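Asker: Pasted the sequence and its predicted model underneath.
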There are 4 protein chains.
Amino acid sequence: MREGDRVLLYQDPRRKWVATASRTKFHTHKGFVDLESIIGTGYGSCTKTSMGQPIWIFKPRPVDMVEAFDRPTQILYPKDIGYVLYQLGIGPGNRVAEVGTGSGVMTAALARAVNPEGHVYSYETRPDFHEAALKNLERVGVSSLATLHNKDPSQGFEENGLDAVVLDLGDPWTMTRAAWMALKGGGIVTGFTPTFNQLEKLGESLRQEGFLVLESVEVLLREMKTELGKLRPESRMVGHTAYITIARKIVNAKA
Amino acid sequence: MREGDRVLLYQDPRRKWVATASRTKFHTHKGFVDLESIIGTGYGSCTKTSMGQPIWIFKPRPVDMVEAFDRPTQILYPKDIGYVLYQLGIGPGNRVAEVGTGSGVMTAALARAVNPEGHVYSYETRPDFHEAALKNLERVGVSSLATLHNKDPSQGFEENGLDAVVLDLGDPWTMTRAAWMALKGGGIVTGFTPTFNQLEKLGESLRQEGFLVLESVEVLLREMKTELGKLRPESRMVGHTAYITIARKIVNAKA
Amino acid sequence: MREGDRVLLYQDPRRKWVATASRTKFHTHKGFVDLESIIGTGYGSCTKTSMGQPIWIFKPRPVDMVEAFDRPTQILYPKDIGYVLYQLGIGPGNRVAEVGTGSGVMTAALARAVNPEGHVYSYETRPDFHEAALKNLERVGVSSLATLHNKDPSQGFEENGLDAVVLDLGDPWTMTRAAWMALKGGGIVTGFTPTFNQLEKLGESLRQEGFLVLESVEVLLREMKTELGKLRPESRMVGHTAYITIARKIVNAKA
Amino acid sequence: MREGDRVLLYQDPRRKWVATASRTKFHTHKGFVDLESIIGTGYGSCTKTSMGQPIWIFKPRPVDMVEAFDRPTQILYPKDIGYVLYQLGIGPGNRVAEVGTGSGVMTAALARAVNPEGHVYSYETRPDFHEAALKNLERVGVSSLATLHNKDPSQGFEENGLDAVVLDLGDPWTMTRAAWMALKGGGIVTGFTPTFNQLEKLGESLRQEGFLVLESVEVLLREMKTELGKLRPESRMVGHTAYITIARKIVNAKA
């Protein structure tokens, strides 16, 4: 590890921070970590805070990086992002648009998926979200793979011939027509909708605008306690985030 | 679309097939599709079988391709693969090993994730699974990104300095020592275990062999019926596949 | 056990039958049971079919009895009935109405709950369901606790001053006004609705007609395989039956 | 409503209290309720606190009463109690034992189920739990239906010929032999076990001591938000309470 490298300081699943190996101290509620001291050590080693709390030093995963994002808004959960990325099948060279940049968590995931040669175009109407996302994407080094628009694309995206479109906004049905225009034949659109009413409205809009809906699903994540001899699911869990709808553009269904 | 292109013939979520645009007929239980007729049409268009059944023509997604794999064994579900890929954060250039190639579904997903420049090394003791996986990976065009070993790596992998190891076999605890040896410091291991007893044993083995367990989770997928005015979850669902454990190699925890 | 006693012949969770200890033979797909031979034995003993298949002899529980009902229609699940009975808190002496007798499964459960001195009034428009329910209730010995009406009560129940009303029909909102009229102040109504649209419509109707909605919930049941050393949830599960809404009549909320 | 009657003061699902109609004031965090003023009003009416907060006046359901219990210990959830009561099929006249009285929530539910003529015998080793349960049961008026023992019954219950036994303690397997001795042939035992290890151990013990295990299940409750036009499951849910095992005594399985 060299000065300037990003490191994950890991205490436990709820307390972990992304920092930079440098001549500074990182303060936790259980003492500070001397970041200079970890320069030269290897990933996977353990250090201690000034109060003796063990802290593991890891190379941050992409999911660790996005957890450290400035979040002016609710972010998508890994369980949902992972499912969508795998089902969409986005890969190197693909061109993808997103409506609802938010803090850029999904944008970053898409950017990594299309790397290299592909590109992500993401739309966001709120200037504060747009600005935060710009900084967040720069921090994780994917700025060159993503173009962020601070505008409403409902009247038409600036791009066309896209492989996929991701809709993550409150009224995704306002974007289905523009998404259809921007996609290749057979291109894929996915939408996240927290409520049943949104799910129903999105499904109808997709069908009307020339899409074939492949599936609407909900992903539930159950965390387990794995203490030896006391295995059990955790007492509390996230009960709901959003329904995920996946559809493909059909080319001769509109009159 | 040109002769030789792979196409997905899509009737409904349960009836879909991967075929090749060519001078042949593809037979379904509702008549045949004249594959020659679709040459020259675009993806997203609709054709009809000889019995009038509409069939949509799409470019197959990776998930469509692996559903068409020869499967001598139980395969992993998209809900589990998607979660693991996103949590592991494997990307272009990474080197990853897998124990338990099976039919190669996870191998193919890993290969696509490390593309280009990365590589996947996958171990399988059963010759029939190994052979089927070789053919399956060739069919989806990722053979050059994956090396399949027909051997038991419990005494040591042939590779080292790996970024990640995926364990998908009945007794994953027999591989934790070898996985530790083969991984970089801070490298990630993930294991799939259908039963609680396997989950407990894997967790213990990981802790003893020098890993820090980040999480053990279960992913549940709930499919929704989205007929207008009749939205509801499906009456039947997959109740369980496997618990997923994710851990990282620590370098100074073993005496 | 004496001649004429009801017995449960139990082979496994999926194969069990209610029969009568008598001078006849009971045929299963694995040979027959000589029912005369079990007269004089005790509950909990094991017999064998003519083909050597072990069959346990138990006193039937109420849930075993209703599983043997003639079912012209979809029946409610124990997970839902149990939750509702406990939340309603119906007890001896209560007077309860039900709309949608169906095969009488819920009617029987309510009858047992109000026993003795209470009474259940159940409405069903379809003559075939009504007839089947009459026979089913007689078979389980609760006929004297329940009055079955073969009519539509939407314009007014024949009873009033009720403690609770159970709505189990496709359009429960058509019954909320009549239910309000028939209930005591503070009386409880519960409704089962399979779809989200029905749930929404029922909730709105209840609020408009003078009810305070306490909760809308869904009960999910997960069956476990408990083979020693191989504990795990079952691979398949019931994904959805119905949403349950519970509300109480308020007396000064209607203008 | 008359002086001395129990009333439920209901503000919302999380804020509700059991009180007595009397010449006192009941204080909430949003002002007080003059309890004298509600004497003479009917159930289902609405009053207001001194700060103008609407409070509904209902007759408390049994579930409302037990929520007001002194709870020196973790209590069982309605979703689990309701399922067990319905599956056990306990009714008027039954005699049931319980090990692990706790605060008496299950004891009260069982007492109501066997009313009249039946009886519940409940064992608890901790004197503080035993004392709290005595008071709690008296408060809900079921003391005459339940006998509480402050002792460990693992060497033998004081009763026999029981219809059912409920085990709600950390090591239920220590009670399976005594439960078998105390039950009728075919009698039912149920056990609550939070961890998988306990579930496995209980299942094994039941099989060894002469029981046939009917099922092991987990009940999950999903609460819904039913605001018009914004229907969705709640964001947080209880992830796990306990596994429920149900078994029946078999009489010729032990040598």
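Answerer: Now that the structure is in, tell me what you want to look at. Note that the coordinates shown come from a computational prediction; the quantities given were computed from them, not determined experimentally.

Asker: For chain A, which segments count as helices?
Answerer: Taking DSSP state H to define them, one finds helices in chain A at A:62-67, A:78-88, A:105-114, A:127-139, A:176-182, A:196-208.

Asker: which residues sit against the fourth one?
Answerer: So the one you mean is helix A:127-139. Contact partners of helix A:127-139, identified using C-beta atoms under 8 Å, 6 or more residues apart in numbering or on different chains, comprise A:65-66, A:69-73, A:101-105, A:107-108, A:111, A:122, A:124, A:143, A:146, A:148, A:150. C-beta here means a position set from N, CA and C on the backbone, and glycine is covered the same way.

Asker: what's around A:Phe211, how many residues?
Answerer: Each residue near A:Phe211 was counted by other C-beta atoms under 10 Å in any protein chain shown, and the total is 26.

Asker: need the contact list for it.
Answerer: Taking C-beta under 8 Å, 6+ apart as the criterion, A:Phe211 is in contact with A:Thr176, A:Trp180, A:Val189, A:Ala247, A:Arg248, A:Lys249, A:Ile250.

Asker: gap between A:Ile81 and A:Ala109?
Answerer: 5 Å (C-beta to C-beta, to the nearest Å).

Asker: hang on, the earlier thing: name the nearest of the contacts of A:Phe211 relative to D:Gln11.
Answerer: Lowest distance from D:Gln11 to these (C-beta to C-beta) belongs to A:Thr176, with 42.3 Å.

Asker: what's around that closest one, how many residues?
Answerer: When neighbours are counted by other C-beta under 10 Å, A:Thr176 registers 24.

Asker: any common contacting residues for A:Ile81 and A:Ala109?
Answerer: Once C-beta under 8 Å, 6+ apart is applied, the residues that A:Ile81 and A:Ala109 both contact turn out to be B:Tyr86.

Asker: on that earlier part again, drop anything exposed from the contacts of helix A:127-139.
Answerer: By the neighbour-count criterion of 16 or more other C-beta atoms under 10 Å in any protein chain shown, these include these buried positions: A:65-66, A:69, A:71, A:73, A:101-105, A:107-108, A:111, A:122, A:124, A:143, A:146, A:148, A:150.

Asker: hang on, A:Gly156 packs against A:Ala178?
Answerer: Yes: under the criterion of C-beta atoms under 8 Å, A:Gly156 makes contact with A:Ala178 at 5.4 Å.

Asker: More neighbours: which of those two?
Answerer: Neighbours around A:Gly156 and A:Ala178, counted as other C-beta under 10 Å, are more numerous at A:Ala178. The numbers are 20 against 11.

Asker: Per-residue pLDDT of that one, please?
Answerer: Predicted confidence (pLDDT) for A:Ala178: 98.

Asker: list the contacts for it?
Answerer: Contacts of A:Ala178 by C-beta under 8 Å, 6+ apart are A:Pro153, A:Ser154, A:Gln155, A:Gly156, A:Phe157.

Asker: just those now: which is nearest chain D?
Answerer: Proximity of those to chain D, judged by C-beta to the nearest C-beta, is greatest for A:Ser154, which lies at 21.1 Å.

Asker: Give me the distance between that closest one and chain B.
Answerer: 22 Å (C-beta to the nearest C-beta, to the nearest Å).

Asker: neighbours of that residue, just the number please.
Answerer: For A:Ser154, the count of nearby residues is 18 (other C-beta under 10 Å).

Asker: for A:Asp128, same thing?
Answerer: By other C-beta under 10 Å, the residues close to A:Asp128 number 11.

Asker: Report pLDDT for it.
Answerer: Per-residue pLDDT puts A:Asp128 at 95.

Asker: next one: A:Ala255
Answerer: 39.

Asker: ok, now which ones touch the closest residue to A:Phe157 other than its chain neighbours?
Answerer: Once its chain neighbours are removed from consideration, A:Phe157 has its nearest residue in A:Ala182; the separation is 4.0 Å (C-beta to C-beta, 6 or more residues apart in numbering or on different chains). Counting by C-beta under 8 Å, 6+ apart, A:Ala182 makes contact with A:Ala97, A:Gly156, A:Phe157, A:Glu159, A:Asn160, A:Gly161, A:Leu162, A:Val165.

Asker: what do you get if the cut-off is 10 Å, keeping everything else the same?
Answerer: Each residue near A:Ala182 by C-beta atoms under 10 Å, 6 or more residues apart in numbering or on different chains is listed here: A:95, A:97, A:121, A:153, A:156-162, A:165, A:175, A:189, A:249.

Asker: Out of those residues, the closest to chain B would be?
Answerer: Set against chain B, the nearest of the contacts of A:Ala182 by C-beta to the nearest C-beta is A:Lys249 (5.2 Å).

Asker: burial measure for the closest one, as a count.
Answerer: Number of residues near A:Lys249 (other C-beta under 10 Å) recorded here: 27.

Asker: Verify the contact between it and A:Ile188 for me.
Answerer: Yes: the pair A:Lys249 and A:Ile188 passes the contact test of C-beta atoms under 10 Å, sitting 7.7 Å apart.

Asker: Find residues that contact each of the two.
Answerer: Residues touching both A:Lys249 and A:Ile188 (C-beta under 10 Å, 6+ apart) are A:Leu162, A:Ala164, A:Val165, A:Ala179, A:Phe211, B:Phe58.

Asker: I'd like these as JSON lines, with distance to D:Gly91 appended.
Answerer: Supplementary listing: the shared contacts of A:Lys249 and A:Ile188 in JSON lines, determined by distance: C-beta to C-beta, whole Å:
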{"residue": "A:Leu162", "distance to D:Gly91": "64"}
{"residue": "A:Ala164", "distance to D:Gly91": "59"}
{"residue": "A:Val165", "distance to D:Gly91": "59"}
{"residue": "A:Ala179", "distance to D:Gly91": "59"}
{"residue": "A:Phe211", "distance to D:Gly91": "55"}
{"residue": "B:Phe58", "distance to D:Gly91": "58"}
